[in-house]
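Engineer: Fold the following, please.
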Amino acid sequence: MNHGMRSPSMYASPINRVGIFLRSAKQRLLLLAFFAAALSPIAADERAATDADATAEITGAPAKAKTPPPPPPKSTIKLKDGSIIKGDVVDMVDGKLKVKTEFGGEVPVQWSQVAEIYSELKLRLILADDTAVTGSVEPGDDLDSMTVNTAGSLGTLSFPLTAVNAINPPKEKKSSYKGNINAGFNMQDGNTNNKSFTATAELIVRADVHRVSLRGLTSYAEQSGEVNARNSRGSVKYDLFFTERFYWLISALFEQDSFQDLNLRTALSTGLGYQVLEKGDFDADWSKEIAVYAEAGASYFSEDFDGGSADEQRGAGRWAINIDWPVIPDKMTLFHNQEGFPSAESLEEIYLITEQGIRFNLLENFISTLQVNWRWNNAPAPDTERSDTAYLFTLGYTFDK
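Structural biologist: Modelled structure (predicted):
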């Protein structure tokens, strides 16, 4: 009978069988040790996470948050060769578009090679006619065009890509000046003999973080040979901007009024100011050139009176508000300027100056102005009124650069 071949282990002695078993066991132990070493870091991380969550649950502390993935890019640029760049638009100046990508840093792209642009971020676009438009951007209906959603009074605008001169351009150092000179004269002769003259002037110069403002006014009037008005006022103010909007200021006000028995009123002030609105903050024609600032601080206030009135020197507060609003640019401007000096010794002593009016552009730089000047002194000299009001109509010349 043929029983077939048998393995040598069947005929091995008991001692040999033990050796074979031990060798197999050793191999098994080595295999188990290998898998244990490979799995131990994973197990340790799971135990650490479990322990941290358990500790947080016991102590009430929040569990360690997982690092969130980076946000998706908010802009997509498609080039004319079909390439697509995803990232955030930084700017476009001198025909070069910069896109900040997640992995490659800033990538420069020639604007002339852009076929489509999409951006969830609001971009500030400067067009070929220097018009500024701000909003999110998406491809337009026409080839090589774009649509801007301004979310404002301008609504949705569409124009070709070639109409865009810049995107998010860096702010240039501000250097400008503007001002005006005005005069009004009235004379009546015959049965009535009246004469009056008024002149005003203003100059504001801005150079980067420095701004200097000069203002002046003088009035004279006589009736039947007798002088019934003679007063003058001048001020100078220096502003030093330490942020885009906040500035430190020093100012000086000088005033004379013969019919208030006032030889000289002086206010030397310092404080802080804030540029609430600046030219270019808005895009609409009726609001894009509005400028508003507000100021507050302390002042040394002095009044030198003529006659029997006692001179005064005191500490005072100071506030100021200035509004210059070209409602219809190059045609009509509303303005308001006020300065108040409340006494530090008594709240009943307040001196307030306001000037407000409307200015019309007649021809090129020539203007006409309707203006009301109002002064309030809650503690006037004896035999004088608290309030003074002057109504002015003047012709003048304005300059702005």
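
Engineer: From now on I want contacts and neighbour counts done on CA atoms only, so please keep to that.
Structural biologist: Noted.

Engineer: Any regions of the stretch 51-200 of the chain where pLDDT drops low?
Structural biologist: Of all residues in the stretch 51-200 of the chain, those with pLDDT under 70 make up the ranges 51-73, 104, 152-153, 172-174, 190-192.

Engineer: Kindly recompute the last result at 80.
Structural biologist: Residue ranges of the stretch 51-200 of the chain with pLDDT under 80: 51-74, 102-104, 151-154, 171-174, 187-193.

Engineer: where along it do the strands fall?
Structural biologist: Ranges of strands within the stretch 51-200 of the chain are 75-79, 84-93, 96-101, 105-110, 114-127, 132-139, 145-149, 156-160, 164-167, 175-188, 194-207, based on DSSP state E, counting those that start in this stretch.

Engineer: So what touches the third one?
Structural biologist: By that I understand strand 96-101. Here strand 96-101 makes contact (Cα atoms under 8 Å, 6 or more residues apart in numbering) with 73, 85-92, 106-111.

Engineer: now those residues: which count as buried?
Structural biologist: 73, 85, 86, 87, 88, 89, 90, 91, 92, 106, 109, 111 (16 or more other Cα atoms under 10 Å).

Engineer: So this structure: which segments form each domain?
Structural biologist: 75-167, 175-400 (automatic domain parsing).

Engineer: re earlier: can you put the strands of the stretch 51-200 of the chain in JSON lines and add distance to residue 326?
Structural biologist: Formatted as JSON lines, the strands of the stretch 51-200 of the chain follow (distance: least, Cα to Cα, whole Å):
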{"stretch": "strand 75-79", "distance to residue 326": "36"}
{"stretch": "strand 84-93", "distance to residue 326": "29"}
{"stretch": "strand 96-101", "distance to residue 326": "34"}
{"stretch": "strand 105-110", "distance to residue 326": "38"}
{"stretch": "strand 114-127", "distance to residue 326": "21"}
{"stretch": "strand 132-139", "distance to residue 326": "17"}
{"stretch": "strand 145-149", "distance to residue 326": "26"}
{"stretch": "strand 156-160", "distance to residue 326": "24"}
{"stretch": "strand 164-167", "distance to residue 326": "26"}
{"stretch": "strand 175-188", "distance to residue 326": "13"}
{"stretch": "strand 194-207", "distance to residue 326": "16"}
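
Engineer: wait, which of those is closest to residue 297?
Structural biologist: Closest to residue 297 of those is strand 194-207 (Cα to Cα; 20.8 Å).

Engineer: and the closest one, which strands flank it?
Structural biologist: Strands that pair with strand 194-207, judged by DSSP bridges, come out as strand 175-188 (antiparallel), strand 210-223 (antiparallel).

Engineer: Out of the ones you listed, which one sits most buried?
Structural biologist: strand 210-223 (a mean of 17; mean count of other Cα atoms under 10 Å).

Engineer: Tell me the buried residues in the helix or strand just after it?
Structural biologist: Using DSSP states H and E, the next helix or strand after strand 210-223 towards the C-terminus is strand 226-241. Using 16+ other Cα under 10 Å as the test for burial, strand 226-241 gives 229-241.

Engineer: go on, stretch 297-307?
Structural biologist: 297, 298, 299, 300, 301, 302, 303, 304, 305.

Engineer: Quick one: mark the members of those that sit in strands.
Structural biologist: Members of the buried residues of stretch 297-307 lying in strands (criterion: DSSP state E): 297, 298, 299, 300, 301, 302, 303, 304, 305.

Engineer: Let me know the pLDDT of residue 326.
Structural biologist: Model confidence at residue 326, expressed as pLDDT, equals 94.

Engineer: What residue, apart from its backbone neighbours, is nearest it spatially?
Structural biologist: The shortest distance from residue 326 to any non-neighbouring residue, by Cα to Cα, 6 or more residues apart in numbering, is to residue 333 (4.0 Å).

Engineer: What is the burial count for the one you found?
Structural biologist: When neighbours are defined as other Cα atoms under 10 Å, residue 333 has 19 of them.

Engineer: right, so of the strands paired with strand 194-207, which gets closest to residue 285?
Structural biologist: strand 175-188 (19.6 Å).
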